[in-house]
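J.: the amino acid sequence is not available; the structure is as follows:
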Ligand SMILES: N[C@@H](CCC(=O)N[C@@H](CSCO)C(=O)NCC(=O)O)C(=O)O
Ligand SMILES: [Zn+2]
Ligand SMILES: [Zn+2]
(Lines give C-alpha, C1' and ligand atoms only; values in the text may rest on other atoms or scores of the structure.)
(Ligands and ions follow the chains in the order given, each with its own letter.)
Protein backbone atom coordinates (compact mmCIF):
# COMPACT_ATOMS: atom_id res chain seq x y z
CA UNK A 1 0.00 0.00 0.00
CA UNK A 2 1.49 3.34 -1.05
CA UNK A 3 -0.36 5.28 1.61
CA UNK A 4 -0.82 5.18 5.37
CA UNK A 5 -4.36 5.59 6.70
CA UNK A 6 -2.95 5.96 10.23
CA UNK A 7 -0.35 3.94 12.18
CA UNK A 8 -3.06 2.45 14.41
CA UNK A 9 -5.07 1.25 11.36
CA UNK A 10 -2.47 0.14 8.81
CA UNK A 11 -1.80 -3.27 10.41
CA UNK A 12 -5.37 -3.92 11.57
CA UNK A 13 -7.28 -2.73 14.61
CA UNK A 14 -6.60 -3.69 18.23
CA UNK A 15 -9.83 -3.98 20.22
CA UNK A 16 -10.24 -1.93 23.39
CA UNK A 17 -11.21 -3.22 26.82
CA UNK A 18 -14.71 -2.90 28.32
CA UNK A 19 -13.23 -2.46 31.81
CA UNK A 20 -10.69 0.24 30.83
CA UNK A 21 -11.02 3.28 33.06
CA UNK A 22 -8.90 6.00 31.42
CA UNK A 23 -5.38 7.35 31.35
CA UNK A 24 -3.15 10.25 30.32
CA UNK A 25 -2.56 11.92 26.97
CA UNK A 26 0.79 13.61 26.30
CA UNK A 27 1.91 15.89 23.45
CA UNK A 28 5.07 15.07 21.46
CA UNK A 29 7.44 17.48 23.27
CA UNK A 30 10.45 15.65 24.73
CA UNK A 31 10.65 18.19 27.55
CA UNK A 32 7.75 19.69 29.49
CA UNK A 33 4.99 17.87 27.57
CA UNK A 34 1.41 19.00 27.96
CA UNK A 35 -0.51 16.31 29.89
CA UNK A 36 -4.24 15.67 29.91
CA UNK A 37 -5.89 13.13 32.23
CA UNK A 38 -9.04 11.31 31.06
CA UNK A 39 -11.14 9.78 33.85
CA UNK A 40 -12.79 7.12 31.70
CA UNK A 41 -12.80 5.44 28.31
CA UNK A 42 -13.71 7.37 25.15
CA UNK A 43 -16.77 6.86 22.90
CA UNK A 44 -17.50 7.14 19.16
CA UNK A 45 -13.82 6.66 18.31
CA UNK A 46 -13.38 7.07 14.55
CA UNK A 47 -11.01 7.82 11.71
CA UNK A 48 -11.62 11.37 10.41
CA UNK A 49 -10.35 12.62 7.04
CA UNK A 50 -11.36 16.23 7.61
CA UNK A 51 -8.82 19.03 7.31
CA UNK A 52 -9.23 20.23 10.91
CA UNK A 53 -8.57 17.16 13.03
CA UNK A 54 -4.93 16.54 14.03
CA UNK A 55 -3.15 13.73 12.16
CA UNK A 56 0.28 12.30 12.88
CA UNK A 57 2.90 13.00 10.18
CA UNK A 58 2.34 10.92 7.02
CA UNK A 59 -1.17 9.76 7.97
CA UNK A 60 -4.20 10.47 5.78
CA UNK A 61 -6.61 10.23 8.73
CA UNK A 62 -6.96 11.41 12.27
CA UNK A 63 -8.17 9.04 14.99
CA UNK A 64 -10.55 11.04 17.15
CA UNK A 65 -13.05 10.17 19.89
CA UNK A 66 -15.19 11.96 22.48
CA UNK A 67 -15.36 12.03 26.27
CA UNK A 68 -17.58 14.12 28.58
CA UNK A 69 -15.74 17.36 29.34
CA UNK A 70 -16.02 16.84 33.11
CA UNK A 71 -13.86 13.73 32.64
CA UNK A 72 -10.98 15.73 31.10
CA UNK A 73 -8.39 17.71 33.08
CA UNK A 74 -5.18 19.36 31.89
CA UNK A 75 -2.62 18.14 34.43
CA UNK A 76 0.69 19.65 33.17
CA UNK A 77 2.03 22.53 31.06
CA UNK A 78 -1.36 24.01 30.19
CA UNK A 79 0.37 27.33 29.38
CA UNK A 80 1.67 25.72 26.15
CA UNK A 81 -1.87 25.26 24.78
CA UNK A 82 -3.39 27.60 22.21
CA UNK A 83 -6.64 27.45 20.23
CA UNK A 84 -5.97 26.56 16.57
CA UNK A 85 -9.08 28.23 15.04
CA UNK A 86 -11.36 30.29 17.26
CA UNK A 87 -14.05 30.40 14.53
CA UNK A 88 -14.44 26.57 14.30
CA UNK A 89 -17.29 24.76 16.06
CA UNK A 90 -14.70 22.63 17.83
CA UNK A 91 -12.10 24.78 19.63
CA UNK A 92 -8.97 22.65 19.24
CA UNK A 93 -6.27 23.20 21.86
CA UNK A 94 -2.81 22.51 20.37
CA UNK A 95 0.67 22.53 21.92
CA UNK A 96 2.36 25.62 20.54
CA UNK A 97 5.76 23.84 20.50
CA UNK A 98 5.00 20.47 18.81
CA UNK A 99 1.63 21.22 17.17
CA UNK A 100 -0.19 18.19 18.63
CA UNK A 101 -3.87 18.77 19.48
CA UNK A 102 -4.59 17.78 23.11
CA UNK A 103 -8.37 18.29 23.07
CA UNK A 104 -11.18 20.02 21.21
CA UNK A 105 -14.07 21.69 23.05
CA UNK A 106 -17.45 22.97 21.84
CA UNK A 107 -18.47 26.27 23.47
CA UNK A 108 -21.43 27.27 21.25
CA UNK A 109 -24.89 25.64 21.15
CA UNK A 110 -24.30 22.34 19.36
CA UNK A 111 -25.66 18.77 19.62
CA UNK A 112 -22.29 17.57 20.93
CA UNK A 113 -21.76 20.39 23.44
CA UNK A 114 -20.36 18.92 26.66
CA UNK A 115 -18.19 16.39 24.82
CA UNK A 116 -14.47 16.96 24.22
CA UNK A 117 -12.64 15.55 21.16
CA UNK A 118 -9.41 13.66 21.91
CA UNK A 119 -6.75 11.47 20.22
CA UNK A 120 -6.05 8.33 22.28
CA UNK A 121 -2.83 7.56 20.37
CA UNK A 122 -1.30 10.25 22.62
CA UNK A 123 -1.59 7.79 25.51
CA UNK A 124 0.74 4.91 26.36
CA UNK A 125 -2.05 3.02 28.16
CA UNK A 126 -3.80 0.13 26.39
CA UNK A 127 -7.56 -0.50 26.41
CA UNK A 128 -9.01 2.62 24.75
CA UNK A 129 -12.06 2.00 22.57
CA UNK A 130 -10.96 1.00 19.06
CA UNK A 131 -12.02 2.99 15.95
CA UNK A 132 -15.63 2.21 14.98
CA UNK A 133 -15.96 3.77 11.49
CA UNK A 134 -14.30 6.18 9.03
CA UNK A 135 -15.78 9.67 8.64
CA UNK A 136 -15.24 12.45 6.08
CA UNK A 137 -13.35 10.10 3.76
CA UNK A 138 -13.84 12.26 0.64
CA UNK A 139 -12.39 15.26 2.54
CA UNK A 140 -8.86 13.91 1.98
CA UNK A 141 -9.30 14.78 -1.72
CA UNK A 142 -9.76 18.45 -0.75
CA UNK A 143 -6.35 18.21 0.92
CA UNK A 144 -4.61 16.87 -2.20
CA UNK A 145 -5.24 13.10 -2.24
CA UNK A 146 -5.59 11.72 -5.79
CA UNK A 147 -9.35 11.15 -6.34
CA UNK A 148 -8.55 8.20 -8.65
CA UNK A 149 -7.16 6.34 -5.64
CA UNK A 150 -10.02 7.00 -3.20
CA UNK A 151 -11.52 3.53 -3.83
CA UNK A 152 -8.25 1.99 -2.59
CA UNK A 153 -8.69 3.97 0.63
CA UNK A 154 -12.30 2.80 1.04
CA UNK A 155 -11.27 -0.82 0.30
CA UNK A 156 -8.49 -0.67 2.89
CA UNK A 157 -11.01 0.53 5.54
CA UNK A 158 -13.40 -2.30 4.54
CA UNK A 159 -10.55 -4.84 4.85
CA UNK A 160 -9.96 -3.85 8.48
CA UNK A 161 -13.69 -3.94 9.23
CA UNK A 162 -14.57 -0.23 9.17
CA UNK A 163 -17.49 1.30 7.24
CA UNK A 164 -16.69 4.52 5.35
CA UNK A 165 -18.81 7.67 5.29
CA UNK A 166 -18.45 11.22 3.93
CA UNK A 167 -20.02 12.74 7.03
CA UNK A 168 -20.17 11.20 10.50
CA UNK A 169 -21.82 7.75 10.92
CA UNK A 170 -25.63 7.40 10.48
CA UNK A 171 -26.34 7.21 14.27
CA UNK A 172 -24.34 10.39 14.90
CA UNK A 173 -25.90 12.20 11.92
CA UNK A 174 -29.34 11.10 13.22
CA UNK A 175 -28.49 12.51 16.67
CA UNK A 176 -27.47 15.83 15.08
CA UNK A 177 -30.66 15.91 12.96
CA UNK A 178 -32.83 15.10 16.00
CA UNK A 179 -31.25 17.98 17.94
CA UNK A 180 -31.72 20.34 14.97
CA UNK A 181 -35.32 19.21 14.39
CA UNK A 182 -36.20 19.74 18.07
CA UNK A 183 -34.59 23.17 18.11
CA UNK A 184 -36.63 24.14 15.04
CA UNK A 185 -39.84 22.86 16.68
CA UNK A 186 -40.37 20.18 14.02
CA UNK A 187 -40.02 17.27 16.45
N1 LIG B 1 -14.67 18.93 4.38
C2 LIG B 1 -14.47 19.62 5.63
C3 LIG B 1 -15.25 18.90 6.71
C4 LIG B 1 -14.93 19.36 8.09
C5 LIG B 1 -15.95 18.86 9.12
O6 LIG B 1 -17.14 19.16 8.99
N7 LIG B 1 -15.48 18.11 10.17
C8 LIG B 1 -16.41 17.60 11.16
C9 LIG B 1 -15.81 16.38 11.85
S10 LIG B 1 -14.46 16.64 12.93
C11 LIG B 1 -14.46 15.21 13.93
O12 LIG B 1 -15.19 14.18 13.52
C13 LIG B 1 -16.81 18.65 12.16
O14 LIG B 1 -17.74 18.45 12.90
N15 LIG B 1 -16.14 19.78 12.18
C16 LIG B 1 -16.43 20.87 13.08
C17 LIG B 1 -15.14 21.59 13.43
O18 LIG B 1 -14.10 21.14 12.94
O19 LIG B 1 -15.15 22.57 14.18
C20 LIG B 1 -12.97 19.65 5.93
O21 LIG B 1 -12.27 18.70 5.58
O22 LIG B 1 -12.51 20.63 6.54
ZN1 LIG C 1 4.18 19.69 22.72
ZN1 LIG D 1 -12.37 15.80 11.74
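T.: Arrived safely. These numbers come from a predicted model, not from an experiment. Ligands and ions are numbered 1, 2, ... in the order given.
J.: so residue 64 makes contact with residue 46?
T.: Yes: judged on Cβ atoms under 8 Å, residue 64 makes contact with residue 46 at a distance of 6.5 Å. Bear in mind the C-beta positions are built from the backbone N, C-alpha and C, glycine included.
J.: from residue 183, how far off is the residue most central in space within the chain?
T.: The residue lying closest to the centre of the chain (Cα atoms, centre = their mean) is residue 64, at 1.4 Å. Distance from residue 64 to residue 183, counting by Cβ to Cβ, to the nearest Å: 25 Å.
J.: hmm, the one helix or strand residue 46 maps to touching ligand 1?
T.: Using DSSP states H and E, the element containing residue 46 is strand 43-48. Yes: judged by Cβ under 6 Å from any ligand atom, strand 43-48 comes into contact with ligand 1 at residue 48.
J.: bridging residues for the residue nearest to residue 58 when sequence neighbours are not counted?
T.: What sits nearest to residue 58 in space, not counting adjacent residues and going by Cβ to Cβ, 6 or more residues apart in numbering, is residue 4, at 5.4 Å. Residue 4 forms beta bridges with residue 59, as assigned by DSSP bridges.
J.: got a list of what residue 4 touches?
T.: By Cβ atoms under 8 Å, 6 or more residues apart in numbering, the residues touching residue 4 are 10, 58, 59, 60.
J.: among these, which ones are buried?
T.: Among those, the ones that count as buried by 16 or more other Cβ atoms under 10 Å are 59, 60.
J.: near ligand 3, list only the ones from the contacts of residue 4.
T.: For ligand 3, no contacts are drawn from those by Cβ under 5 Å from the ion.
J.: what residue ranges in this structure score low on pLDDT?
T.: For the chain, the stretches with pLDDT under 70 are 1.
J.: all helices for it, in order.
T.: Counting by DSSP state H, the chain has helices at residues 139-142, 150-159, 170-183.
J.: for residue 27, find the nearest of the ones you listed.
T.: Among the helices of the chain, helix 139-142 comes nearest to residue 27, with 24.1 Å by Cβ to Cβ.
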